Every structure is written in structure tokens, then in C-alpha cells.
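In: Quick check, what structure comes out for this input:
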Amino acid sequence: MTHAASAAELESLLLSRSLDDPELAAATERTPDTPVLPDVSVVKVGGQSFVDRGREAVFPLVEELLEARATHRLLIGTGGGTRARHAYALAAELGLPTGVLSSVGNAVAGQNATMLGYLMARHGVPVVAGGGFDALPLYLSESRAAIFAGMPPYAMWQPLPDEGVIPPYRTDAGCYLVAETYGCKNMIFVKDEDGLYTANPKNDPSATLIPEITVDELIERDLPDLIIERPVLELMRHARHVRSVQIVNGLKPGNLTRALAGEHVGTVITAGGTR
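Out: Next up is the predicted model:
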């Protein structure tokens with residue numbers, strides 16, 4: 001089918017069918033995508049892994065990020081960390097709903113983005129939010145990097161969890177969605193462990209590193225503890241652009257640089273197959 005015929009079919013279906021129509025969905029699936037920022041890497045800096053550790057962890061990572069700008073364009077997302085968990089505990093104990101917890105989590109991730117932004121301000125790296133994302137091409141052209149709060153701004157529209165009130169889509173999912181939406185080159189989660197383990201290595205000495213695994217394999221294994229949020233796995237299943245993510249230990253200098261260069265360091269999770 002030619003592009004003109006495909007466009008005509010899509011327009012006809014959109015004007016005549018329900019937006020939930022399966023044939024319409026299939027027609028949009030056949031429409032070629034246009035990656036918006038295909039040479040940009042999204043790097044998620046963990047709140048608990050880094051910001052909460054203070055100067056000893058944050059300053060070396062900031063230097064590594066600044067050096068990486070010479071050869072890579074970066075979107076740097078921030079997590080919420082321990083302060084977000086404390087706020088979730090208070091809000092849940094008060095009986096507040098998921099949407100309120102989502103807003104609180106967004107505020108804490110925003111605080112971490114602000115602090116990281118001030119540390120990188122003299123190098124011209126801005127913090128973006130809301131409508132500021134429209135200017136990303138300019139920021140990335142001028143400073144080769146920008147910082148954002150990783151929490152998706154769902155607020156009261158946060159999807160409800162299967163149980164309890166903790167927002168299911170938090171900063172890992174938010175950073176991944178930014179990478180997928182902009183059709184970015186890769187998605188790297190910078191954590192305080194060497195990657196994904198069979199269990200939490202902080203409290204289980206028998207845990208072993210998993211260097212590479214597919215989304216389906218990981219879901220099938222149903223591990224009791226994951227180093228990234230579980231909704232990221234479902235998002236990857238439906239992704240068009242970012243079909244793999246990498247998890248590295250940013251406390252070890254050079255790991256992020258190696259991952260940005262395409263080296264297999266840490267853990268790589270792939271969606272597997274083609275969409």
C-alpha cells in the first residue's frame with residue numbers, strides 16, 4: 001500500500017469509526033513512526049541511589065554526565081528516593097488516594113531535579129517541566145543536556161494500582177515514557193547495584209546478577225524484587241522505539257560512560273522480537 005493510500009485509509013477510518021475500533025488501531029499501527037530525538041540518550045538518576053547519598057555519590061556522577069556531553073546528547077531524569085517513600089507513607093496512613101500520592105511523588109522528584117539543576121547550572125544545563133519540553137530541541141542543541149523530574153505528571157489521573165494506593169507509574173516509568181515518546185537512542189537506569197539480580201543483593205547474599213534477559217522471561221520468573229518498576233516491562237512490550245533498557249551501577253565511575261558508548265555493562269532487558 002502506498003503512503004497516500006495508507007493516509008486515505010486512516011483518515012476514512014478516523015472519520016467513520018469509533019476510536020476503539022480494531023481496524024482503526026491496526027491502520028495506525030501500519031503508519032510509519034517519526035522518531036523525534038533519535039540521537040538522544042535518556043539517563044535516569046535514582047533518588048535513593050544517588051541524591052539521598054549526598055555529595056559523595058552525586059558529585060562524581062555529575063562530573064561523568066558533564067563529560068559525556070562531549071559525545072552524547074542527554075535527557076537526565078530524577079527519581080524521588082527516600083523522601084518520596086516517607087511522603088507516601090504519611091499520605092497512605094492518612095487515607096489519601098493514589099492521585100494525591102502521585103502529586104506528592106512528583107513534587108519530590110521535582111526537588112531532586114532542581115538540586116541537580118543547580119549543580120549543573122554553570123555549565124548551561126537547564127531543568128525542564130511542563131511546556132518547557134517544547135523547547136527541548138533548543139536546549140539540547142545549546143547545552144547538549146537537560147534535566148527533568150522523572151515522575152509522570154498524572155496527578156489525579158494516575159492509573160489505579162491492583163492493590164493499595166501506591167502509584168504504579170513512578171519515576172522509572174516516567175523516564176522510560178519520555179525515551180519512548182521522543183524515539184530516543186537508549187534508556188539507561190543509573191542505580192546503586194551492578195544490575196538486575198535474582199533477589200535483592202542488599203539483603204540476600206545468594207542473589208546472582210542477570211546480565212541479559214527478555215521482558216517475557218523476566219515476567220515469567222516473577223522475581224520477588226525488581227530493580228526497576230514492574231510497569232516498565234509492560235510499557236516495553238508495546239514500545240515502538242525503545243525496545244531495550246540498560247541498568248548500570250553509577251557508583252562505579254565509568255559505568256555510565258561505557259553504557260552510553262554501547263558496551264554491555266550491568267543488565268540489559270530487551271522486549272524481544274519485533275512489534
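In: Quick check: bridge partners of Thr270?
Out: Applying DSSP bridges to Thr270 gives these bridge partners: Thr214, Ser244.
In: Distance-wise, check it relative to Glu212.
Out: Separation of Thr270 from Glu212 (C-beta to C-beta, to the nearest Å) stands at 7 Å. Just so you know, the C-beta spots here come from the backbone N, C-alpha and C atoms, and that holds for glycine as well.
In: And Pro167, by the same measure?
Out: Distance from Pro167 to Glu212, by C-beta to C-beta: 29 Å.
In: which one of the two has more residues nearby?
Out: A count of neighbours by other C-beta atoms under 10 Å puts Pro167 above the other of Pro167 and Glu212, at 29 against 15.
In: if I pick the more buried one, what's in contact with it?
Out: The neighbourhood of Pro167, defined by C-beta atoms under 8 Å, 6 or more residues apart in numbering, consists of Thr98, Leu101, Ser102, Gly105, Tyr154, Gln158, Pro161.
In: mind listing the helices for the stretch 51-200 of the chain?
Out: In the stretch 51-200 of the chain, the helices defined using DSSP state H, counting those that start in this stretch lie at 55-68, 82-93, 98-120, 136-143, 171-181.
In: correct me, but His148 touches Leu75?
Out: His isn't right for residue 148; it's Phe. Yes: between Phe148 and Leu75 there is a contact at 6.7 Å, judged by C-beta atoms under 8 Å.
In: Name the stretch among the helices of the stretch 51-200 of the chain that sits most buried.
Out: Comparing the helices of the stretch 51-200 of the chain by mean neighbour count (mean count of other C-beta atoms under 10 Å), helix 171-181 ranks first with a mean of 24.
In: now for it, which elements pack on it?
Out: strand 40-45, strand 73-78, helix 98-120, strand 145-149, strand 186-191, helix 231-237 (3 or more C-beta pairs under 8 Å, 6 or more residues apart in numbering; DSSP states H and E).
In: For it, list the C-alpha coordinates in PDB.
Out: Only the C-alpha atoms of helix 171-181 are listed here, as PDB (Å, rounded to 0.1, in the frame of the first residue of the first chain):
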ATOM      1  CA  THR A 171       9.900   7.800  38.100                       C
ATOM      2  CA  ASP A 172      11.300   4.700  36.200                       C
ATOM      3  CA  ALA A 173       8.100   4.500  34.100                       C
ATOM      4  CA  GLY A 174       8.100   8.300  33.600                       C
ATOM      5  CA  CYS A 175      11.700   8.400  32.300                       C
ATOM      6  CA  TYR A 176      11.000   5.400  30.100                       C
ATOM      7  CA  LEU A 177       7.900   7.100  28.600                       C
ATOM      8  CA  VAL A 178      10.000  10.200  27.800                       C
ATOM      9  CA  ALA A 179      12.500   8.000  26.000                       C
ATOM     10  CA  GLU A 180       9.800   6.100  24.000                       C
ATOM     11  CA  THR A 181       7.800   9.200  23.200                       C
END
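In: gap between it and the chain center?
Out: Chain-centre distance of helix 171-181: 3 Å, with C-alpha atoms, centre = their mean, to the nearest Å.
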